[in-house]
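> turn this into a structure:
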Amino acid sequence: MARGNGLSDAYTETLNRVKQQEGNKSVLGLKVLMWVLNSQRPLRADELRHALGVGIRSTSLSWGNVPALQTLLSSCLGLVTVEASSSTLRLVHFTLQEHLMSNPELFDSPHSTIAEVCLTYLNFGIVRGFWPALRSAPTIMPFLEYASCYWEKHTRIGVTENVKILALKLLDRFDDHVSAQILLLCNCRESLLGSSYYWAEGPIGFTGLHGAAFLGIVEIFTAILEMKKWDVNAADCMGGTALTWAAVRGQEGVVKMLLEREEVNPDQVDTEYGRTPLSWAAGSGQEGVAKMLLKREDVIPDQADTKYGRTPLSWAAMSGHGGLVKILLGREDVNPNHEETLYRRTPLLWAAEKGYEGIVKILLERDDINPDKADTRYGQTPLYLATERGHDRIVRVLLERKDVNPNHECTFCHRTPLLWAAEKGVEGIVKMLLEREDVNPDKADTRYSQTPLSLAAEHGHDEIAKMLLERKDVNPNQADTKYGQTPLSLAAESGHDEIVKMLLERKDINPNQAVTKNSKTPLLWAPKTGHEEVLKILLERMDTNPHRAAGFCGRTPLSLAAENGHANAVKMLLEWNDVPLAVPDSGSQTPPWLPLPERYGGLVRTLLDPDNANSDKVDHGGPASLLPSPGHGDGSVVEMQLKSHDPNTDITYFNSQPPLPAADFDEREPVVDLMNSAPMSPDNNLPGIEPSMLPQPSSMWPLQLPYSPRKSDTHPKNTGSALPVVINWYWVLGSFVCLLSFLAYSKNSYN
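Numbering: from 1, shown residues only. The predicted model follows:
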């Protein structure tokens, strides 16, 4: 190449040097190039070594003829290399492959040579002695897998008389040969019928006749039919006949030969699925085979299988074979509305779900097909299935039909097509559905009364929510019956600020509408879930009520934010002028969860300040200073004690929860700092609330959980020296159980 010659000239020169090598190296080098160029998949080094060691017409492998890898590579003079990642051999460059293929005279009948080597290898006595139900080839014979799976492909390209003889020798007693097992295992992923072979116990019953029909080589199938008398209708280990295999694999030549024999039953079903050869041909898209079978008068074109109840038309429609659908629909004895027994679907339903637009159009051309027929198991129409799968082009085709009801509700999911599209965020389909005049954009499902707008708001689909809000017949305040949530509360809970903005721009939106089960308004959802942008948008709304507490435990926005450790939400609420630290809720059945009044804020800071001189009085291992009740003056006490989550303290309060782990606690630390910095009220009262409005003890407050841990050198570990103020109800219950046991024991002793 440096002298100006092209790459092809360089390859030609190297090949000439390969041919001029001394001894057997020239023959070996050309054989390696032939195998690497013509193999059906890349060969591993040990596979190729064994293949090169096979002598033509030999009956056993001569281990002395198996070349070493280094010898194999050196004979090619650098034209072949080993792929490090897979240990397979390949040509040094793809341009070498082009050069070799453009010079076919280099190798004499390569495929027939490879086929002969494969069949010779499979007919070795050691291979025939292997157990036929092995799940993989033994390592002692590494070429066994390739020879079993690919001899047919090489034979199909180059059939010679010697190859035919070797093939017939292999196929005789094929069901007792390990290569039949390996062949079926290699093809069980590709073949519809072969998928059942995974659980079969070896190839028993898969005779040479089945194997020849499976492979489809006409010359070999003709020869094997003449070899001995066969039961042409016999079923193999998977329940299929020779005709079944030929039909499912599209071996038209073999099908033709079998149909010419009088003893062949063209409509015999397999024992595994109960499907006819026509059913298999329709499901695998073999049009030529189907046409040959339909010419027989004894073939029933509409026969359903026994496992799924599907007809050939159903299989063709669900598999996407439009040509076969046309062929079958041309028969008067084929029912286009047949409903299978498993999912109760018609061919149109299958085509709509799978997204085969062409087949849907072919079926809809028939006047006797109902385009809105739902299955009787789940109540799903073609329009619903196409919407569920996102097949917008099929949705458009169906919506052009006036006899399609766009408001049909699935009986399984209780969703209409619009509800499903709104939930999944399929904007194009939502737009097409809303263009139909008879579509109800506010139709709620019958299970939870969720509207399309509710689902779009909950899942954050901004564009769909916008399309729905542009409709005058959509109620933006519609609450569902499951939790009583409106689109606004769902959007606030999930943190979808853009949808919250869109909803609040509506004049007919009620920002204070509460969820029915726990009376949480949208403003209460935002601090609970920590969605700060949503909280900000809601607080900016003038008619939003920041004073309202939830009916369940009377929790305020501030207490919910503090309880869940959302420091920024606490800060936003404290900075807002009209958000009080405590708000009574007259509608609550339990005392509201209130923060301490501001006049006791200094005491809270004292108790929580680790540098305070009185900290040793707090963290001495027992009850802390008792806090004044909001409604009883400085001398009264609240039935609670602070509980520090420091492992060296033991400070409990009324109705408390167990201490939080330190990691959780550190996350809540900023909330405490913000609450400690709350502004003091000059009149020692809560802003906007009279002292008489405050509830009686015991009250709760947002700092119930988020105390910051305090480390002090002045206190030892908890000694438990102080008695708890709150009665230990577990101790009372245990004592009561012990008393009852004692009384029962005494009574038995007396008796």
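> tell me where this structure is predicted with low confidence.
Counting by pLDDT under 70, the chain shows low-confidence ranges at 1-5, 188-200, 516-519, 547-554, 577-732, 745-751.
> list the contacts for the residue nearest the centre of it?
The residue lying closest to the centre of the chain (CA atoms, centre = their mean) is residue 389, at 14.2 Å. Residues in contact with residue 389 (CB atoms under 8 Å, 6 or more residues apart in numbering) are 353, 354, 355. For glycine as for every other residue, the C-beta is placed from the backbone atoms N, C-alpha and C.
> what distance do you get for the closest residue in space to residue 338 that isn't next to it in sequence to residue 346?
For residue 338, ignoring the flanking residues on the chain, the nearest one in space by CB to CB, 6 or more residues apart in numbering is residue 311 at 5.1 Å. Separation of residue 311 from residue 346 (CB to CB, to the nearest Å) stands at 10 Å.
> give me the common contacts of the two.
Listed as contacting both residue 311 and residue 346 by CB under 8 Å, 6+ apart are residue 338.
> tell me which of those two has more neighbours.
Between residue 311 and residue 346, residue 311 has the larger neighbour count (other CB atoms under 10 Å), namely 27 against 24.
> thinking the more buried one is in contact with residue 304, fair?
Yes. The pair formed by residue 311 and residue 304 meets the contact definition of CB atoms under 8 Å, at 5.0 Å.
> shared neighbours of the two, anything?
Shared contacts of residue 311 and residue 304 (CB under 8 Å, 6+ apart): 338, 340.
> pull the contacting residues for residue 20.
With CB under 8 Å, 6+ apart, residue 20 has these contacts: residue 26.
> counting by contacts, list what the helix or strand that contains residue 179 packs against.
Secondary structure from DSSP states H and E places residue 179 in helix 178-187. Secondary-structure packing of helix 178-187 (3 or more CB pairs under 8 Å, 6 or more residues apart in numbering; DSSP states H and E): helix 144-157, helix 208-215.
> which of these sits most buried?
Burial of the helices and strands packed on helix 178-187 is given as mean neighbour count (mean count of other CB atoms under 10 Å); helix 208-215 ranks first at a mean of 26.
> got the angle for that one vs helix 144-157?
70 degrees (axes from the mean of the first three to the mean of the last three CA atoms, to 10 degrees).
> would you mind getting the angle between helix 208-215 and helix 178-187?
30 degrees.
> what's in contact with helix 208-215?
With CB under 8 Å, 6+ apart, helix 208-215 has contacts from 152, 156, 168, 171-175, 180, 183, 187, 220-221, 224-225, 227, 230, 232, 234, 236, 240-243, 245-246, 249, 251, 254, 258.
> can you give me the strands in the stretch 51-200 of the chain?
Assigned by DSSP state E, counting those that start in this stretch, the strands in the stretch 51-200 of the chain fall at 80-82, 89-91.
> check the ones you listed for me and report the most buried one.
strand 89-91 (a mean of 19).
> tell me the neighbouring strands of it, and mark each as parallel or antiparallel.
strand 80-82 (antiparallel) (DSSP bridges).
> what segments of the stretch 401-550 of the chain are helices?
Secondary structure of the stretch 401-550 of the chain (DSSP state H, counting those that start in this stretch): helices located at 417-424, 427-435, 452-459, 462-469, 487-494, 497-504, 522-529, 532-540.
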